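Visitor: Kindly generate the corresponding structure for this input.
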Amino acid sequence: MCSDLAIRTQGLGKCYQIYEQPRDRLLQMLLPNGRQRYRSFWAVKDVSLEIRKGESLGIIGRNGSGKSTLLQLICGITAASSGSVTRHGRIAALLELGSGFNPEFSGRENVYLNAAVLGLTREETEARFEEIVAFANIGEFIDQPTKTYSSGMLVRLAFAVSVCVEPDILIVDEALAVGDASFQFKCLERLERLAHQGTTLLFVSHDMSMVKRFCNRVLYLRNGEVRGSGAPEEMAELYLLDMRDEQRRWTSGGAIQVIAKPALAQGQGIAFGTDEGQIASALFSATGTSYCSFVHGDPVEIEIQALVSDQVSRPNLSLTIQEARLLVVGGANVALVCQAPLQGWCRASTRLGFSANLAPGRYHVTLKLMNGDTEETSQLIEKQVAPLAFDILPGDKHFLGLVDLDIRTVEPEQPNITGPAPRPADEPWQVAIFGTFDVANYGDLLFPIIAERELQARLGPVQLHPCSYHQRRTPQWPYDVTSVSELPELVDSLDGVLIGGGFIVRFDKLVAVGYYPPTPRIHHPTGYWLSPALLALQHDVPLIWNAPGMHCNEIPSWARPLLKLTLELSPHVRVRDTLSQEALSALSEQAQVEVLPDTAFGLANLIDLQRPSVEYRRLCEQAGLGRRYLVVHTIAGLENFLRLWKTQGTELEQWQLLLLPIGPVLGDHESILGDDLPRAVTLPHWPAPLLLAEILGHAEGVIGHSYHLAITALAFGVPIFCSANLHQGKYTALLDYQGIYPLPSGEPIALEWFLERLRPPSSCPRLEAAREQLRKHWDKVAELIRQGRRPTGQWMNRLWQDLPNLLEGQQQEWHEECLRQRAELDELRRQMRQLQPLQE
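Guide: Have a look, this model is predicted:
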């Protein structure tokens, strides 16, 4: 017997003998070997099920389907005619109103009696007695005989005893139906608490929304037999289908021929209908799949294709959106336009769209293909139950209820006010971030997201435009901007311009290894950050340096006066490290260049590890990732750690090893580490930046090389074992943080050394200081954007002053380029002369 089973039944059944007359019962008792004088009625027949500890099972079915009999068999109240039932743990059952109560006893005496039946000692009952009385809320009637109680008082007292004794298994059979709204709310809250604590729950109800709320699996009984078992929404739809079919028999004198059909969602949902048509496919346009996730306000589009008979005169499609408790939150009916019929069949397709203005959670889409204009007057052709599902992820918009109605304060008109009109509260601020890279690299994708979230927390609605350099397609520019000549109109429409966000602003044309070459229509880098910066100054748009790095390549002479101009006219200049500070400060003594910790150190403000996201839980479930794991960066150079992992398996067996690519565009891949790592886990897909950060935040240790891998681990207090040289380049900025350890280079890692450091640091003053610096930084950025444009009147004059230096620098670079090309040509000629004798 599996130790985690609470209840197990095998072939369980209950048969009753039905006699036509009382004398037949007497004759059967006197002559048991004679002819049979009764007919057998199986109230429950051949029910086999397993209920695990902590599971919540709902049992549904029409009246007389055997639900209560099954519960009585499980509790042992009724003897089984066939099969067996095994129980593990204390059972508390609410089966019939007042069951287990002696009507002559007082409420107090019945409490002690029922508690004793449930296995509690008198001392244990006394310790819980006040809680039971308070929950039942029957006041002074506790010492009155229960025969004087109303039905509501009886059920309140019975429920209070059952839940306050903290049973291992709680069985509820429609016991809440007689309670008032206040008591039902209190009961439901207690049931949720018990379920959260691991109590096994068997719940019988005709209220499908309540079954969905408490149960993760449903058993559907029909005529004493199991009609189906599965997800609550599937069984509820099957139950309602049977009810509708029975209603049609009464109203029309016969059943409509409805047949089961294959569901679009593999392994999920059910489908049924007639042979007059079918819904051929239904997919989210964004992913081309039956599942997608969105954040509040995202556009949602669904593409649907159907096939209908040419006999269908008015094909119509109904779309219904339901939340987790089967509550309909919206929907629509649309007419389908069919193509010309072919061999008696017509194809029809449509694309439906709506805005995801819904509360966070899981939603299902149900589709119905009909012949008719409305659901009330139409004939069902096919219904697909939950072929599509989507999640709304938590965002920054907070509202009450399931649907965001965009309720806001309406200010009265004030026509006599002079001066500029105040900014509407719902009008988003337009901010652009220039210089980012929209490629499959964690650090590059992170900064626009951080900037948008931080500014939204301070300004309200913000529309951030990541003017990015792409890997496989043309650069992402808002408003259909495709060349530098279109930048002025774009920049003039903005409320603020951010430069960088932690990455390196480069001047060379070779962006980075693995990145796609620049598009010829927009010169890199001037089109990606320097030109927008100069245009922001020209249009008096606030220009903010958002902690880029500047030290990894030479600044050409032609760019020095332009860079000096942007530094001195920008109100807020922050760079990510002292090397960048030194490189820029050398250009201007006037500019106030300060070092700011990488903006990724503020990730803890955006991700709440105490409340794991829906996507994180789903990804862990799909990958088989448990609660305790280490993350290893999928790059070469970690052989010493991999050797430790393979040779010290017993010492490290409490952890799984998550193989995580940080920059697929740079060649990161799970195969680099080999396929022989014990307890290694890979993800089904590369996660989005914030989800990747959440994965790192829940890890107990991180091993790798990436700069932003290290920063994310430090931001969440996770120990990071880094293979990079911490005394060189940008990594020097991380030396003051507790919890970062250099991996020994080329030598074995001692197990004791590794385990001793595999503990989160108790505190890190440097991290707290970094978070405070970032808070002040974003406060300042929001303040500058809120202040709006402030004319400087200096831009054009300064540009004319620096123009000679600019032209001179450009001429010098052209001259150096000509000399380089001439040297290459001379070298080529020399090699040709050397090859000539060999050819002869």
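
Visitor: And stretch 369-382, end to end?
Guide: 5 Å (C-alpha to C-alpha, to the nearest Å).

Visitor: Give me the average confidence score over that stretch.
Guide: Averaged across stretch 369-382, the pLDDT comes to 80.

Visitor: Can you give me the domain assignment for the chain?
Guide: 5-236, 260-393, 429-595, 603-761 (automatic domain parsing).

Visitor: where does Val133 sit relative to Gly119, distance-wise?
Guide: 20 Å (C-beta to C-beta, to the nearest Å). For the C-beta atoms, the positions are set from N, CA and C on the backbone; glycine is no exception.

Visitor: Which of those two has more residues huddled nearby?
Guide: Val133 (18 against 12; other C-beta atoms under 10 Å).

Visitor: wait, doesn't that one sit right on Asp143?
Guide: No - between Val133 and Asp143 there is no contact under C-beta atoms under 8 Å: 10.4 Å.

Visitor: Give me the buried positions along stretch 21-31.
Guide: Gln28 (16 or more other C-beta atoms under 10 Å).

Visitor: Alpha carbons of it, as CSV, please.
Guide: Output in CSV follows, covering the C-alpha atoms of stretch 21-31 (Å, rounded to 0.1, in the frame of the first residue of the first chain):
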residue,chain,number,x,y,z
GLN,A,21,-44.7,-6.8,-0.8
PRO,A,22,-43.7,-7.2,2.9
ARG,A,23,-44.6,-10.9,2.9
ASP,A,24,-42.0,-11.4,0.2
ARG,A,25,-39.3,-10.2,2.6
LEU,A,26,-40.6,-12.6,5.3
LEU,A,27,-40.7,-15.6,2.9
GLN,A,28,-37.2,-14.8,1.7
MET,A,29,-35.9,-14.8,5.3
LEU,A,30,-37.7,-18.1,6.1
LEU,A,31,-36.9,-19.8,2.8
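
Visitor: Report the rounded mean pLDDT for that stretch.
Guide: On average, stretch 21-31 scores 80.

Visitor: outside of that stretch, which residues touch it?
Guide: 17, 19, 34, 36-38 (C-beta atoms under 8 Å, 6 or more residues apart in numbering).

Visitor: any idea which of those residues is the one closest to Phe203?
Guide: Gln17 (30.8 Å; C-beta to C-beta).

Visitor: Can you read off the backbone torsions of the residue nearest to Leu201 when sequence neighbours are not counted?
Guide: Take Leu201 and drop its neighbours on the chain: the residue closest to it by C-beta to C-beta, 6 or more residues apart in numbering is Ser56, 4.1 Å away. For Ser56, the backbone dihedrals (degrees, to the nearest 10) come out as phi -120, psi 110.

Visitor: now swap in Ala389 and tell me
Guide: phi -140, psi 150.

Visitor: pretty sure it is touching Ser293, no?
Guide: No - using C-beta under 8 Å, Ala389 makes no contact with Ser293, being 9.8 Å away.

Visitor: quick one, which of the two is more surrounded?
Guide: Counting neighbours by other C-beta under 10 Å for Ala389 and for Ser293 shows that Ser293 has the greater number, 21 against 17.

Visitor: List the contacts of that one.
Guide: 390-393, 614-615.

Visitor: Let me know which of the domains of the chain is tucked in deepest.
Guide: Ranked by mean neighbour count under mean count of other C-beta atoms under 10 Å, the domains of the chain are led by domain 429-595, which reaches a mean of 19.

Visitor: Poorly predicted segments of the stretch 401-550 of the chain, please.
Guide: The stretch 401-550 of the chain contains residues with pLDDT under 70 at 412-422, 435-439, 468-486, 501-528, 550.

Visitor: Of the contacts of Ser293, just say which sits nearest to Val312.
Guide: Phe390 (29.2 Å).

Visitor: So in the protein, where's the weakest helix or strand by average pLDDT?
Guide: Every helix and strand of the chain was ranked by mean pLDDT, DSSP states H and E. The lowest is strand 259-261, at a mean of 58.

Visitor: ok, so what distance separates the spatially closest residue to Pro742 that is not a sequence neighbour from Ala332?
Guide: Nearest non-adjacent residue to Pro742, counting by C-beta to C-beta, 6+ apart: Leu726, 5.3 Å away. According to C-beta to C-beta, Leu726 stands 58 Å off from Ala332.

Visitor: and if you look at Ser81?
Guide: On the measure of C-beta to C-beta, Ser81 and Ala332 end up 51 Å apart.

Visitor: now Ser355
Guide: Taking C-beta to C-beta, one finds Ser355 at 13 Å from Ala332.

Visitor: Identify the residue spatially nearest to Gly701, adjacent ones excluded.
Guide: That would be Leu630: by C-beta to C-beta, 6+ apart, it lies 4.5 Å from Gly701.

Visitor: I'd guessed the one you found sits against His698; true?
Guide: No - Leu630 is not in contact with His698 according to C-beta under 8 Å; the separation is 11.1 Å.

Visitor: which residue ranges form the strands in the stretch 501-650 of the chain?
Guide: 543-546, 572-575, 593-595, 629-633 (DSSP state E, counting those that start in this stretch).

Visitor: Which strands or helices does the third one pack on?
Guide: In this structure, strand 593-595 makes packing contacts with strand 572-575, helix 578-585, judged by 3 or more C-beta pairs under 8 Å, 6 or more residues apart in numbering; DSSP states H and E.

Visitor: any residues touching it, and which ones?
Guide: 567, 573-578, 580-581, 584-585, 733.

Visitor: JSON lines for the residues you listed, including distance to Ile74?
Guide: Putting the contacts of strand 593-595 into JSON lines (distance: C-beta to C-beta, whole Å) gives the following:
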{"residue": "Leu567", "distance to Ile74": "77"}
{"residue": "Val573", "distance to Ile74": "72"}
{"residue": "Arg574", "distance to Ile74": "66"}
{"residue": "Val575", "distance to Ile74": "69"}
{"residue": "Arg576", "distance to Ile74": "64"}
{"residue": "Asp577", "distance to Ile74": "67"}
{"residue": "Thr578", "distance to Ile74": "71"}
{"residue": "Ser580", "distance to Ile74": "70"}
{"residue": "Gln581", "distance to Ile74": "72"}
{"residue": "Leu584", "distance to Ile74": "75"}
{"residue": "Ser585", "distance to Ile74": "78"}
{"residue": "Ala733", "distance to Ile74": "64"}
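
Visitor: for this protein, which residue is closest to the average position?
Guide: Glu615 (2.9 Å; C-alpha atoms, centre = their mean).

Visitor: excluding its backbone neighbours, what's nearest that one?
Guide: Leu691 (5.3 Å).

Visitor: residues in contact with the one you found?
Guide: 613, 615-616, 619.

Visitor: same thing with Ile450?
Guide: 501, 599-600, 602-603, 606 are the contacts of Ile450 under C-beta under 8 Å, 6+ apart.
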